[in-house]
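Peer 1: With the input below, show me the fold.
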Amino acid sequence: MIKFGTGGWRAVIGDEFTRKNVQLLAAALAYKMKEDGVADKGFVIGYDRRFLSQEAAGWAAEAFAGAGVHTSIIHRDSPTPLVMFTVAGKGFPYGMAVTASHNPAIYNGIKVFMEGGRDADEVFTSELEGYIRMAESRERPIVELPEALAQGLVEYIDPMNEYIDNIMEAVDMKAIREAGLHIALDPMYGVSQTALQTILLTARCGVEVIHERRDALFGGRLPAPSEKTLAGLINFVIEHHCDLGIATDGDADRLGVIDDTGEFLHPNKILVLLYYYLLKYKGWKGSAVRNIATTHLLDRIAASFGEQCYEVPVGFKYVSGKMLETGAIIGGESSGGLTVRGHIQGKDGIYAGSLLVEMVAKTGRSLSQLWQEIEQQYGRCEMAERDYRFSQAKKAEIYTQLLEDKLLPTFAHEVDRVSYQDGCKVYFANGGWIIARFSGTEPLLRIFCEMPTMREADAEADCMQQFLGL
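Peer 2: Model prediction:
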């Protein structure tokens with residue numbers, strides 16, 4: 001029942017996300033730690049504001065205690081990047097965050113991290129699923145949380161200050177202080193407020209916060225930053241004349257940004273802006289990494305500075321892995337996650353937001369002005385994005401049609417090549433592209449198409465949709 005996708009294990013609460021399954025997963029991790037010879041180094045658990053997240057952290061700790069593995073629980077609502085930072089900084093071999101990230105409120109889940117704070121890769125999660133099957137047939141003792149705390153098998157920790165200090169050391173706080181920026185924050189009822197507000201107030205920014213309280217239903221919206229879900233932040237930025245608005249998803253590893261004109265900046269633009277800033281204004285040197293469904297504008301910027309942009313499958317574990325391999329200075333994805341060399345090896349919306357504020361402060365230019373500068377040099381790229389739900393029968397039909405028989409529609413643009421590395425991606429001769437792939441976190445088929453104009457992107461996305469009968 002427990003299967004890992006691109007963003008960990010996610011399941012509907014009360015269906016597959018249950019105490020029994022959480023403790024089964026924890027017991028399997030404990031078995032693996034013992035066979036790896038690292039059980040004596042302990043384990044760390046963090047949790048977000050979702051329904052049952054804090055309780056599930058306790059359930060997992062009880063299973064680790066039953067297996068004799070000392071567990072540290074971050075004793076507060078925790079951004080996922082804080083958990084990754086703690087795994088790396090405290091030298092834990094593994095850790096977990098109880099979160100379903102940007103999924104609907106009926107979901108919860110668990111993200112597992114490896115040594116150094118990296119997202120668990122496919123090799124690890126495949127092995128872990130084997131340990132889960134093994135654990136199902138074995139006795140799995142637990143020690144109730146109060147008793148585990150009394151015995152010292154479980155302890156509470158709070159590494160938030162170290163995490164915040166680490167970010168403040170990485171960004172130019174002096175430049176931000178001198179800029180006197182006015183910023184609106186939208187944690188989307190999630191866990192980013194404490195860290196982001198502390199950083200920005202310390203840098204003497206004017207900060208106003210909306211949607212800061214805990215709401216396990218996320219105000220009836222998806223806790224995923226998009227133009228639709230951030231309508232309140234857009235209005236706030238316009239009405240209060242803010243320099244920018246920053247939003248983070250439910251567990252704060254993804255970022256959404258509203259510029260000074262009230263325009264929602266697609267995550268592609270955020271990634272492009274930061275890479276351009278690091279190369280041109282900060283003088284860094286190095287390549288970029290993007291997933292297969294992220295803008296190729298990064299490739300143009302990389303080439304203009306004599307660098308390379310690497311393409312990997314969807315899943316941040318592939319991005320961070322390629323960054324380690326190549327020494328890239330930035331890596332990201334079109335869904336809003338990115339990381340920069342020198343910070344944690346995973347997505348961090350809090351750090352990315354802080355770096356964007358530094359960019360505006362140091363350049364003395366607004367986000368809209370910086371984007372105009374990029375478009376003047378590199379041209380425009382527009383992306384159409386579509387999500388489709390399906391029955392199991394329809395999924396099988398699409399899989400056969402697209403990935404086994406490898407049939408394609410007749411596109412309006414000349415096809416250069418086709419890749420089946422992750423779904424089906426068609427590269428057009430004019431530099432545009434289209435991809436259709438099944439989501440690794442939700443029962444969806446996703447179609448992305450990037451072209452010089454939105455009209456062309458929509459037309460080719462429509463062509464793929466009609467071909468697949470969606």
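Peer 1: Can you list the buried residues in the longest helix that the chain contains?
Peer 2: As assigned by DSSP state H, the longest helix anywhere in the chain is helix 19-36. If you call a residue buried by 16 or more other C-beta atoms under 10 Å, then helix 19-36 has these buried ones: 19, 21-33. In this view, the C-beta of every residue, glycine as well, is placed from N, C-alpha and C.
Peer 1: Identify the residue nearest Thr261 in space, chain neighbours excluded?
Peer 2: Ser368 (5.0 Å; C-beta to C-beta, 6 or more residues apart in numbering).
Peer 1: So which residues of the stretch 151-300 of the chain form helices?
Peer 2: For the stretch 151-300 of the chain, the helices defined by DSSP state H, counting those that start in this stretch occupy 160-170, 173-179, 193-202, 231-239, 267-276, 297-304.
Peer 1: typo on my end, the stretch 351-470 of the chain
Peer 2: Using DSSP H, counting those that start in this stretch, helices in the stretch 351-470 of the chain cover 367-378, 392-399, 454-468.
Peer 1: quick one: which of those helices is nearest Ala11?
Peer 2: helix 392-399 (16.9 Å; C-beta to C-beta).
Peer 1: That closest one versus helix 454-468: what angle between them?
Peer 2: 110 degrees (axes from the mean of the first three to the mean of the last three C-alpha atoms, to 10 degrees).
Peer 1: what residues does helix 392-399 touch?
Peer 2: For helix 392-399, contacts defined as C-beta atoms under 8 Å, 6 or more residues apart in numbering pick out 390, 436, 438, 443, 445, 468-469.
Peer 1: Type out the ChimeraX command that picks the buried ones from those.
Peer 2: Buried residues among the contacts of helix 392-399 (16+ other C-beta under 10 Å), as a ChimeraX selection:
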select :390,436,438,445,468
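Peer 1: Just give me the closest of the contacts of helix 392-399 to Ile374.
Peer 2: Of these, the one sitting nearest to Ile374 (C-beta to C-beta) turns out to be Ala436, at 28.2 Å.
Peer 1: got a list of what that closest one touches?
Peer 2: 398, 402, 423-424, 445-447, 464, 468.
Peer 1: Go again with 7 Å.
Peer 2: Ala436 is in contact with 402, 423-424, 445, 447, 464, 468, counting by C-beta atoms under 7 Å, 6 or more residues apart in numbering.
Peer 1: what do you get for Leu24?
Peer 2: Here Leu24 is in contact with 2, 132, 135-136 (C-beta under 7 Å, 6+ apart).
Peer 1: if we go to 10 Å?
Peer 2: 1-2, 18, 63, 131-133, 135-136, 140 (C-beta atoms under 10 Å, 6 or more residues apart in numbering).
Peer 1: Now for the residues you listed: which two are most distant?
Peer 2: Farthest pair in these, by C-beta to C-beta: Thr18 and Tyr131, 18.6 Å.
Peer 1: The chain - how does it break down into domains?
Peer 2: 9-160, 168-378, 382-468 (automatic domain parsing).
Peer 1: I'd like those as JSON lines, with mean pLDDT appended.
Peer 2: Converted to JSON lines, the domains of the chain look like this (pLDDT from 0 to 100):
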{"stretch": "domain 9-160", "mean pLDDT": "96"}
{"stretch": "domain 168-378", "mean pLDDT": "95"}
{"stretch": "domain 382-468", "mean pLDDT": "93"}
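Peer 1: residues touching the residue lying closest to Glu450 once chain neighbours are set aside, list them.
Peer 2: Once flanking residues are discounted, Glu450 sits nearest to Met383: 4.6 Å by C-beta to C-beta, 6+ apart. In this structure, Met383 makes contact with 266, 268-269, 293-295, 297, 334, 432-433, 448-451, 454, 457, 461, judged by C-beta under 10 Å, 6+ apart.
Peer 1: picking that back up, could you export the longest helix of the chain as CSV, CA atoms only?
Peer 2: This file holds the C-alpha atoms of helix 19-36, laid out as CSV (Å, rounded to 0.1, in the frame of the first residue of the first chain):
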residue,chain,number,x,y,z
ARG,A,19,-1.3,5.2,12.2
LYS,A,20,-0.7,1.6,11.2
ASN,A,21,0.9,2.6,7.9
VAL,A,22,3.0,5.5,9.4
GLN,A,23,4.4,3.1,12.0
LEU,A,24,5.0,0.4,9.4
LEU,A,25,7.0,2.9,7.3
ALA,A,26,9.0,4.0,10.4
ALA,A,27,9.7,0.3,11.4
ALA,A,28,10.9,-0.4,7.9
LEU,A,29,13.3,2.6,8.1
ALA,A,30,14.6,1.4,11.5
TYR,A,31,15.3,-2.0,10.0
LYS,A,32,17.2,-0.4,7.1
MET,A,33,19.2,1.8,9.5
LYS,A,34,20.2,-1.3,11.5
GLU,A,35,21.4,-3.1,8.4
ASP,A,36,23.2,0.0,7.2
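Peer 1: circling back: so for Gly346, which of the helices of the stretch 351-470 of the chain sits nearest?
Peer 2: helix 367-378 (24.5 Å).
Peer 1: Please point out which parts of that closest one sit buried.
Peer 2: 367, 370-371, 374, 378.
Peer 1: one step back: ok, and the most crowded of the contacts of Leu24?
Peer 2: Ala63 (26 neighbours; other C-beta atoms under 10 Å).
Peer 1: Need the phi and psi values for that one.
Peer 2: phi -70, psi -40 (degrees, to the nearest 10).
Peer 1: if we can go back for a sec, what's the most buried one of the helices of the stretch 151-300 of the chain?
Peer 2: Of all these, helix 267-276 has the most neighbours on average by mean count of other C-beta atoms under 10 Å, namely a mean of 25.
Peer 1: export it as CSV, just CAs?
Peer 2: Coordinates of the C-alpha atoms in helix 267-276 are reproduced here as CSV (Å, rounded to 0.1, in the frame of the first residue of the first chain):
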residue,chain,number,x,y,z
PRO,A,267,8.0,29.7,-11.2
ASN,A,268,9.9,29.5,-14.5
LYS,A,269,10.4,33.2,-14.3
ILE,A,270,11.6,33.1,-10.7
LEU,A,271,14.2,30.4,-11.6
VAL,A,272,15.3,32.4,-14.7
LEU,A,273,15.6,35.7,-12.7
LEU,A,274,17.7,34.1,-10.0
TYR,A,275,20.0,32.3,-12.4
TYR,A,276,20.5,35.6,-14.4
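Peer 1: And that helix, how far out from the chain middle?
Peer 2: Taking the mean of its C-alpha atoms, helix 267-276 sits 15 Å from the chain's own mean (C-alpha atoms, centre = their mean, to the nearest Å).
Peer 1: how about the spatially most central residue of the chain, what does it touch?
Peer 2: Geometric centre of the chain, nearest residue: Gly337, 4.0 Å, by C-alpha atoms, centre = their mean. When contacts are counted by C-beta under 10 Å, 6+ apart, Gly337 touches 7, 81, 101-102, 249, 253-255, 267, 271, 291, 316, 319, 331, 346-349, 352.
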